[in-house]
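Asker: Return atomic coordinates for the entry below.
(one chain, ligands or ions: 2)
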Amino acid sequence: MEMHQLDRRKPVRRRAQTALTLISLAAASLSCAQAFLVQPHRHTRTLRMGVAAPPPAVRQKPVKKDWLGRVKEPPESKVSEPKPTLREWMDASIREWMNVRDARIGVLILNLGGPLMENDVESFLFNLFMDGEIFRLPAALRWLQEPLAYLISKARSPKTSEAYRSIGGGSPILGYTQAQGEALTRQLRRMGYDAQTYIAMRYSAPYTRTAVTEMLSDNVDGVVILPLYPHFSVSTSGSSINILKKYSRMFIDMPHTVVTEWYDRPGYTKAVANLIQREIDSFTADERREGIHVLFSAHGVPKSYIQNGDPYQDHIVKTIDTVKRQYSADVSTHLSYQSKVGPVEWLQPYTDDMIESLAKQGVKNLVVVPISFVSEHIETLEEIDIEYRHLAHEKGIRNWRRVPALNVDPLFIKDLAELVAESLDQPVLSLNEVCFKKYKTSFEQYDE
Ligand SMILES: C=CC1=C(C)c2cc3[nH]c(cc4nc(cc5[nH]c(cc1n2)c(C)c5CCC(=O)O)C(CCC(=O)O)=C4C)c(C)c3C=C
Ligand SMILES: [Fe+2]
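Answerer: Ligands and ions are numbered 1, 2, ... in the order given. Reported below is the predicted structural model:
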C-alpha cells in the first residue's frame with residue numbers, strides 16, 4: 001500500500017525536480033551574467049529581504065566561489081577562526097544573494113538627547129526618569145517607576161527649564177550630534193567606505209526606532225553601533241543599547257557590531273590634550289609662575305553604580321591618565337564629578353566642592369575640562385560656564401578657562417572614523433553579547 005502511494009507520487013516529484021533544475025540553471029546563468037555586467041546592485045537590493053545571515057556565534061564560513069561557480073577553500077588558518085569580523089559577516093551575507101562586495105555601512109550613533117525647546121523639557125525629563133538605568137528602583141517597587149517619573153519630571157521641570165532658558169531655550173545637543181554625524185560620514189567616504197550615519201537619541205527625537213527604520217530602508221549591509229560616549233556606563237551607552245536590543249528583531253538578519261567604549265583612542269585623547277594645551281598657553285608668564293591647575297570635570301553617576309561593577313569611573317581615570325601625558329607637565333591635575341541629581345551619594349569629589357577647595361588652597365588660575373562630553377550641552381554651557389564660573393570667581397579664582405567640547409574637531413572625527421573602520425576587522429560584538437555577557441545591562445525592563 002505504501003509502495004503504491006510512493007509510486008504514484010513519483011511523476012509529481014520528477015516534475016518538481018525538473019522545475020528545481022530549471023530554476024538553478026536560471027540562477028546560475030544570472031549570477032554568471034552579473035559577473036560580467038557592471039550592475040548597480042542597489043536597484044535589486046530588495047532581493048535580500050528575508051535572507052537571514054547566520055548570527056555570528058553559529059555562522060558557517062562563507063562559501064567562496066570563483067566566476068565559474070567552483071568552491072574555493074579558505075586558507076587553513078581562517079577555518080579555525082572562532083568569530084567572524086563584521087566585514088566577513090557582511091561579505092557572507094551579501095554573497096548569499098549576489099556576488100558583490102561594495103558593502104554599504106550604516107553607523108548608528110547613540111546619544112542622550114535633550115529638549116529642543118522649553119515646551120519639551122517635561123517630556124524629556126519624564127523619558128529620562130522612566131529609564132531604570134537612570135532612575136533605579138528596587139525590583140519590588142518597579143511598578144512605581146511611571147508615577148514617580150511623572151511626579152519627578154513635573155517637580156524638576158521649572159528648575160531645568162530655567163537652566164535651558166539661560167542657554168537659549170533648548171539643548172544644542174541634536175545640532176552638534178548631527179554635525180558630528182555628517183563629518184563622520186564625510187571622513188568615512190574620504191577613506192573609501194560607502195558609509196552613512198544615523199542618529200538615535202535616548203530621551204528625545206530622533207528616537208531609536210526612527211533611526212533603525214530609516215537605516216533599514218536605506219538597505220545597509222552592516223551596522224556599526226557607536227555610542228557617542230567615550231566611557232561606558234549602564235546609565236548612558238548601556239541604556240541606549242538596551243533599547244536597541246529591544247528593537248533588534250527589526251534587524252535580525254543584519255550583520256552588526258557594537259563599539260562599547262573608546263576612552264583610550266589616540267586621536268580622541270590627543271585632540272582633548274591639544275585643546276587643554278591651547279588654554280594653558282593662554283596664561284601669561286606671571287600667571288604660570290603662580291601655578292596653573294587643570295580640573296577635569298566628569299558627569300557623575302551614583303556611587304552604587306560603580307560598586308555594582310559599572311566601569312565608568314575606571315574609563316574616566318584612564319582617559320585622564322592618557323590625556324595628561326600629552327600636555328605640559330608643569331601643571332597640577334585634578335578630577336571631580338558634576339551634575340548630581342537626587343539624594344543618594346554620587347561619585348566624589350563633587351565639582352563645586354573641588355572648586356571651593358582649590359580656591360581655599362590659593363589657586364588663581366584654573367582650566368576646567370568637561371571630560372565625559374564630546375559636544376556642548378547644558379552641563380557645559382550652563383553648569384560649568386555659568387554656575388561653576390560664578391562660584392570660582394566668588395571664591396577668588398581669578399583666571400578661569402573652560403576647554404571647549406570636541407564637537408567636530410578634525411582630529412577627533414578622523415579618530416572616530418578610524419575606530420569605525422577598525423571595528424569592521426575585529427571580531428563582532430553583538431547586542432546580545434553586550435547585554436548578556438560584557439556588561440549585563442537590564443534591558444528587559446524598560447521601554448523607549
Ligand atoms: C557621560 C554622560 C552622562 C552620564 C554618565 C549621565 C548620567 C546621569 N544623568 C542623570 C540625570 C540627568 N541628566 C540630564 C541631562 C543630560 N545628561 C547627560 C549626560 C550624562 N548623564 C547629557 C548629555 C544630558 C543632556 C544635556 C542637554 O544639553 O540637554 C538631566 C536633565 C538636565 C537636568 O535636569 O539637570 C538629568 C536630570 C542621572 C540621574 C544619571 C546617572 C544615573
Ligand atoms: Fe545626565
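Asker: burial measure for Arg325, as a count.
Answerer: For Arg325, the count of nearby residues is 10 (other Cβ atoms under 10 Å). C-betas here are computed from N, CA, C, even on glycine.
Asker: Name the residues of the stretch 151-300 of the chain found near ligand 1, please.
Answerer: For the stretch 151-300 of the chain, the contact set with ligand 1 under Cβ under 6 Å from any ligand atom comprises 156, 160, 171, 173, 229, 233, 235-236, 299.
Asker: Pick out the most distant pair among those.
Answerer: Arg156 and Tyr229 (22.5 Å; Cβ to Cβ).
Asker: So between these two, which is more surrounded?
Answerer: Between Arg156 and Tyr229, Tyr229 has the larger neighbour count (other Cβ under 10 Å), namely 25 against 18.
Asker: show me what contacts the more buried one?
Answerer: By Cβ atoms under 8 Å, 6 or more residues apart in numbering, the contact set of Tyr229 is 110-111, 236-237, 261, 372, 374.
Asker: Also His334?
Answerer: Applying Cβ under 8 Å, 6+ apart, we find His334 in contact with 293-296, 354, 358.
Asker: Give me the buried entries from the residues you listed.
Answerer: For the contacts of His334, a neighbour count by 16 or more other Cβ atoms under 10 Å gives the buried set as 293-296, 354, 358.
Asker: List just the nearest of the residues you listed to ligand 1.
Answerer: Of all the buried ones among the contacts of His334, Phe296 has the smallest distance to ligand 1: 12.7 Å, by Cβ to the nearest ligand atom.
Asker: Next one: the residue nearest the centre of the chain from Thr284, what distance?
Answerer: Geometric centre of the chain, nearest residue: Pro227, 1.2 Å, by Cα atoms, centre = their mean. According to Cβ to Cβ, to the nearest Å, Pro227 and Thr284 sit 40 Å apart.
Asker: Thr197 reaches Ile109, doesn't it?
Answerer: Yes. At 5.7 Å, Thr197 and Ile109 qualify as touching, with contact defined as Cβ atoms under 8 Å.
Asker: Which one of those two is surrounded by more residues?
Answerer: More crowded of Thr197 and Ile109, by other Cβ under 10 Å: Thr197, with 25 against 22.
Asker: who's in contact with that one?
Answerer: Thr197 makes contact with 106-109, 181-182, 184-185 under the criterion Cβ under 8 Å, 6+ apart.
Asker: 10 Å instead?
Answerer: Each residue near Thr197 by Cβ atoms under 10 Å, 6 or more residues apart in numbering is listed here: 105-109, 177-178, 180-186, 188, 211, 215, 224, 226, 416, 420.
Asker: Which ones among those residues map onto helices?
Answerer: 177-178, 180-186, 188, 211, 215, 416, 420 (DSSP state H).
Asker: Compute the first-to-last residue distance for stretch 252-263.
Answerer: Distance between the two ends of stretch 252-263: 29 Å, counting by Cα to Cα, to the nearest Å.
Asker: Give the buried residues for that stretch.
Answerer: By neighbour count on 16+ other Cβ under 10 Å, the buried set for stretch 252-263 is 254-263.
Asker: State the number of residues packed around the closest residue to ligand 1 within the stretch 301-448 of the chain.
Answerer: Here the residue of the stretch 301-448 of the chain nearest ligand 1 is His377; by Cβ to the nearest ligand atom that distance is 2.8 Å. Using other Cβ under 10 Å, His377 has 25 other residues around it.
Asker: Now it: closest residue in space, sequence neighbours ignored.
Answerer: Leaving aside its chain neighbours, His377 sits nearest to Ile173 (4.4 Å; criterion: Cβ to Cβ, 6 or more residues apart in numbering).
Asker: try Pro404
Answerer: That would be Leu275: by Cβ to Cβ, 6+ apart, it lies 6.2 Å from Pro404.
Asker: Now secondary structure and pLDDT too, for the buried residues of stretch 252-263, in CSV please.
Answerer: Output for the buried residues of stretch 252-263, formatted as CSV (DSSP: H, G, I helix; E, B strand; the rest coil; pLDDT from 0 to 100):
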residue, secondary structure, pLDDT
Met254, coil, 88
Pro255, coil, 92
His256, strand, 94
Thr257, strand, 96
Val258, strand, 96
Val259, coil, 98
Thr260, coil, 97
Glu261, coil, 98
Trp262, coil, 98
Tyr263, coil, 98
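Asker: got the residue ranges for the strands in this structure?
Answerer: Counting by DSSP state E, the chain has these strands, from start to end: 64-65, 71-72, 104-111, 194-201, 222-227, 256-258, 293-299, 332-338, 365-370, 399-402.
Asker: and the last one, how far from the chain's centre?
Answerer: Strand 399-402 has its C-alpha centroid displaced from the chain centroid by 31 Å (Cα atoms, centre = their mean, to the nearest Å).
Asker: picking that back up, what are the phi and psi angles of the residue of the stretch 301-448 of the chain closest to ligand 1?
Answerer: Torsion angles at His377 (phi, psi; degrees, to the nearest 10) stand at phi -160, psi -160.
Asker: ok, now how distant is it from Leu184?
Answerer: Distance from His377 to Leu184, counting by Cβ to Cβ: 18 Å.
Asker: if we can go back for a sec, give the residues shared as contacts by Thr197 and Ile109.
Answerer: 177-178, 180-181, 184, 211, 224, 226, 416.
Asker: Among those residues, which one lies nearest to ligand 1?
Answerer: Among these, Thr177 lies closest to ligand 1 (Cβ to the nearest ligand atom), at 9.7 Å.
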